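Engineer: curious how this folds, go ahead:
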Amino acid sequence: MSQPTHMFETQNVHDDDGQIIDSFFIETDAPPVLKDATQPITPTPTENPKKIRRLLTGSVLMSSGVFGSPHQVLPADPNRKSVTLAVLSTAAAPNAYNEYVIVSDENGKVSAGSGFNLRGPDNPLIIPDYTGAIWAIPASSITASIELTWLAVTE
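Structural biologist: Residues are numbered from 1 along each chain as shown. So this is what the prediction gives:
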């Protein structure tokens, strides 16, 4: 006949019920693997605002009696995009060979007469992408006043 209870010291006193029950379930409270959770962040490229361009304009009237020192038309400007120079003589024959203004990048060059000879209103001098200084002096041969006009585009 069977015993309703085990005999003393023959029963299994080791309690493994918790481990057996836990083995039926998937463990979910473990922390995630951070390598799988990270995503590369690609920053959006920033756009620089477009610079505002400006017009620098001016004119100088040079008379026939003043041959002294050169006149600085424009200083050096690293942001300059272009320069346009034009002359207008008040002489009776404004397009004559002797009616011109000497233009250069240094005052010593125009004083020595080794610059560019700018003549007549129909022949403006357009210089794209020039950032240096501009100096001018009237030719010693002009017979009347001569006006030098300039327009520069800069940022």
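Engineer: buried residues of stretch 84-104, list them for me.
Structural biologist: For stretch 84-104, a neighbour-count test (16 or more other CB atoms under 10 Å) marks 85-89, 91, 94, 99-104 as buried. Where C-beta positions appear, they are placed from N, C-alpha and C, glycine not excepted.
Engineer: return the subset of these lying in helices.
Structural biologist: Under the assignment DSSP state H, these contribute nothing to helices.
Engineer: pLDDT added to the residues you listed, as TSV?
Structural biologist: Listed next are those as TSV, based on pLDDT from 0 to 100:
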residue	pLDDT
Leu85	95
Ala86	93
Val87	92
Leu88	90
Ser89	87
Ala91	81
Pro94	74
Glu99	85
Tyr100	88
Val101	90
Ile102	90
Val103	93
Ser104	92
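Engineer: now these as TSV including distance to Gln19?
Structural biologist: Below are the buried residues of stretch 84-104 laid out as TSV (distance: CB to CB, whole Å):
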residue	distance to Gln19
Leu85	96
Ala86	99
Val87	103
Leu88	105
Ser89	110
Ala91	114
Pro94	111
Glu99	111
Tyr100	107
Val101	103
Ile102	103
Val103	98
Ser104	97
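Engineer: could you find the closest non-adjacent residue to the spatially most central residue of the chain?
Structural biologist: With the centre of the chain defined as its mean C-alpha position, the nearest residue by CA atoms, centre = their mean is Lys51, 7.1 Å away. Nearest residue to Lys51, sequence neighbours excluded (CB to CB, 6 or more residues apart in numbering): Glu155, at 4.2 Å.
Engineer: can you report how many residues lie near that neighbour?
Structural biologist: Applying other CB atoms under 10 Å, we find 12 residues neighbouring Glu155.
Engineer: one more: Ser69?
Structural biologist: Each residue near Ser69 was counted by other CB under 10 Å, and the total is 11.
Engineer: Trp135 is in contact with Lys109, correct?
Structural biologist: Yes. Contact criterion CB atoms under 8 Å: Lys109 and Trp135 qualify, at 7.4 Å.
Engineer: mutual contacts of these two, please.
Structural biologist: Gly115 (CB atoms under 8 Å, 6 or more residues apart in numbering).
Engineer: looking at those two, which one has more neighbours?
Structural biologist: When neighbours are counted by other CB under 10 Å, Lys109 and Trp135 differ, and Trp135 comes out ahead with 22 against 17.
Engineer: how much space between that one and Asp17?
Structural biologist: The gap separating Trp135 from Asp17 is 102 Å, by CB to CB, to the nearest Å.
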